[in-house]
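*Asks:* Provide a 3D model corresponding to the input given below.
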Amino acid sequence: MRVVTRAEFDAAAAGDAYYAGRWPYLARAAEVLAAHADVAPADVLELGAYRLPLVPGCETMDCRAELDPTWLHDARVTPWPQPDGRYEVFVATQVFEHLGGPASGAQERAFAEAVRVTRRLALLSLPYQWARAAGWHGGIDLPTIVRWAGGRRPATAEVVGDGQPTRRIICTWDLAAPAGRA
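*Replies:* The predicted structure follows:
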C-alpha cells in the first residue's frame, strides 16, 4: 500500500491549523502501515481521516458529510454498515478519544466493530498521558487503551512526541493472530 508523503501532508496542511504539529505521529503511523505493502488501498478503512487519509485511495468513514467519506456514518452507532471481514486494515488517528466520555462505552463498541470488519491489522493513535483535566483527551494511558480494545493488549505500542500536548501513542493489533479474534 502507498502511504501519504510529506509533500502531500504539507499541501493538505497549508493554511489549515488542524494539521499543525501532526506530522511526527502521522509519519510514524504511515511507516507502520507501509510495512503492509501487499494491502490494496480499497482494503483499508480509515475512521475520521479529515481531509488526508494516511492511505491515499482507501475507504473512509466519518459522520461529517462535507468531508465526502466513503461511508457517511457515526462510529458511535453500531453495528457499522460494513460487512464482516471486509477490510485488511483499520486506521484511526486521534479519533477514538472523541467518541465519548469515559463511561460511555463508545470506544469499546467502536473497537469491537473495527475488529468485526477487519481481518489483519488495526492501528490507533491517541493522545498519551495528557494531563488535561477537562475534555476527553486527558489521562489516556495503556490500561485505558486495553479497556477500549475489549481487553486486547496491542501487539505494538510506541510513544511518539517529546511532551505534552504532543505525545501520542501508536498502537497496533494483529487481528490475524489467534488472540486477535477473541
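*Asks:* spatially central residue in this protein, please.
*Replies:* A92 (1.3 Å; Cα atoms, centre = their mean).
*Asks:* the closest residue to that residue other than its chain neighbours: how many residues sit nearby?
*Replies:* Nearest residue to A92, sequence neighbours excluded (Cβ to Cβ, 6 or more residues apart in numbering): L47, at 4.2 Å. All C-beta atoms are positioned from the backbone trio N, CA, C, and that covers glycine. For L47, the neighbour count with other Cβ atoms under 10 Å is 24.
*Asks:* what sits against L47?
*Replies:* T60, M61, D62, A75, F90, V91, A92, V95, A110, A114 (Cβ atoms under 8 Å, 6 or more residues apart in numbering).
*Asks:* mind doing that once more with 6 Å?
*Replies:* M61, A75, A92, V95 (Cβ atoms under 6 Å, 6 or more residues apart in numbering).
*Asks:* where do the strands sit along the chain?
*Replies:* Using DSSP state E, the strands found in the chain span residues 44-47, 59-62, 71-72, 87-93, 118-127, 156-160, 168-174.
*Asks:* name the nearest residue to W23, ignoring sequence neighbours.
*Replies:* Nearest one to W23, counting by Cβ to Cβ, 6+ apart, is F9 at 5.7 Å.
*Asks:* repeat for P83
*Replies:* Going by Cβ to Cβ, 6+ apart, P83 has V117 as its nearest residue, at 7.2 Å.
*Asks:* so, low pLDDT: which residues of this structure?
*Replies:* 102, 132-136, 164, 178-182 (pLDDT under 70).
*Asks:* sorry, back to before: and which of the contacts of L47 is nearest G151?
*Replies:* Within the contacts of L47, proximity to G151 (Cβ to Cβ) peaks at A92, which comes in at 18.4 Å.
*Asks:* V91 contacts A122, doesn't it?
*Replies:* No - with contact defined as Cβ atoms under 6 Å, V91 does not reach A122; the gap is 7.9 Å.
*Asks:* does the residue nearest to P83 touch Q82 like I think?
*Replies:* Yes - at 4.4 Å, V117 and Q82 qualify as touching, with contact defined as Cβ under 6 Å.
*Asks:* for R153, which non-adjacent residue is spatially closest?
*Replies:* Going by Cβ to Cβ, 6+ apart, R153 has V146 as its nearest residue, at 5.5 Å.
*Asks:* same thing with E8?
*Replies:* L52 (6.8 Å).
*Asks:* and the one you found, how far is that from T70?
*Replies:* If you measure L52 against T70 using Cβ to Cβ, to the nearest Å, the figure is 15 Å.
*Asks:* cool, and E31?
*Replies:* 24 Å.
*Asks:* out of those two, which sits in the more crowded spot?
*Replies:* Between E31 and T70, T70 has the larger neighbour count (other Cβ under 10 Å), namely 16 against 11.
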